[in-house]
Structures are given as C-alpha cells and as structure tokens.
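Enquirer: Got a predicted structure plus its sequence, pasted below:
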Amino acid sequence: MNRIPALYGSRQRVLVAALRLILRLLAIAVSMVAARAVTVLAALDSEICSGSNGRKSLDDVMVALSESENAVTLGQFTALAREFTGAATDALSAGNLPD
C-alpha cells in the first residue's frame, strides 16, 4: 500500500522510502539494546541474590541509587552491585557494558 501522493516525483519517493528504512533500522537497534539491557539486568539480579544469600536483589541497588542526591553514574551502579554481592559481578563485566 503506497501512501505517497502521486504528485511526488521519483526522487521524493526514493527519499521517503530511505527515511522509512532508516526509521525501521533505528527501531530495530533500540529493540536490540533494550533486549541486551534486560538480559544483563536479569543476570545481575541473579548474582546479587546469590551473593547475598537472598537478602538483597537488584531492587535494593535501585533503591540505593534513587536515594543519592547526585546524578547516577555507571561507577556508582557497579560499586553498589559489588557491595551487595561482595565481589565483582560477571553481568557488569566490560564485555556487557557500553564503551
């Protein structure tokens, strides 16, 4: 179903088609990043629960971050996860985090 009005020339049709393709690719990229984040956070939650013998979870990390008056940084997030597990976490290893 082509919704591009006939008054557009072929160049405009190509540009509109290219823009639609770019928007679809961006949507796919955002979905992939979100899926990766969910996977990393689920693994982190598991590590926190295991490392704390079920006393702490990712929820506790989020509560601690929300109580901070400063902007949340990756360093703070990692430090809190380490504090609750007692060790560095595999989920937050360099290969799972953005550069």
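Expert: Done, it's in.

Enquirer: hey, let's count contacts and neighbours off CA atoms from now on
Expert: Noted.

Enquirer: where does this protein dip in pLDDT?
Expert: 1-9, 98-99 (pLDDT under 70).

Enquirer: tell me the centre residue of it?
Expert: A37 (3.6 Å; CA atoms, centre = their mean).

Enquirer: Following element in sequence after the helix or strand where A37 lies, please.
Expert: Element membership for A37 (DSSP states H and E) is helix 10-51. Downstream of helix 10-51, the first helix or strand assigned by DSSP H and E is helix 58-66.

Enquirer: contact partners of the next helix or strand after that next one?
Expert: Past helix 58-66, further along toward the C-terminus, the next helix or strand under DSSP H and E is helix 74-85. Helix 74-85 has contacts (CA atoms under 8 Å, 6 or more residues apart in numbering) with 44, 47-52, 56, 58, 61, 64-65, 88-89, 92.

Enquirer: buried sites along helix 74-85?
Expert: The neighbour-count check on helix 74-85 (16 or more other CA atoms under 10 Å) flags 77-82, 84-85 as buried.

Enquirer: quick one on the thing from earlier: which of the contacts of helix 74-85 are buried?
Expert: With burial judged by 16+ other CA under 10 Å, the buried subset of the contacts of helix 74-85 is 44, 47-49, 51, 56, 58, 61, 65, 89, 92.

Enquirer: check contacts around R55.
Expert: Applying CA under 8 Å, 6+ apart, one finds that R55 lies in contact with C49.

Enquirer: what's the distance between it and C49?
Expert: Between R55 and C49 the distance is 7 Å, computed by CA to CA, to the nearest Å.

Enquirer: can you check A17 too?
Expert: 48 Å.

Enquirer: Please apply the same query to L58.
Expert: 8 Å.

Enquirer: go on, D59?
Expert: According to CA to CA, D59 and C49 sit 10 Å apart.

Enquirer: ditto for I22
Expert: Using CA to CA, I22 is found at 41 Å from C49.
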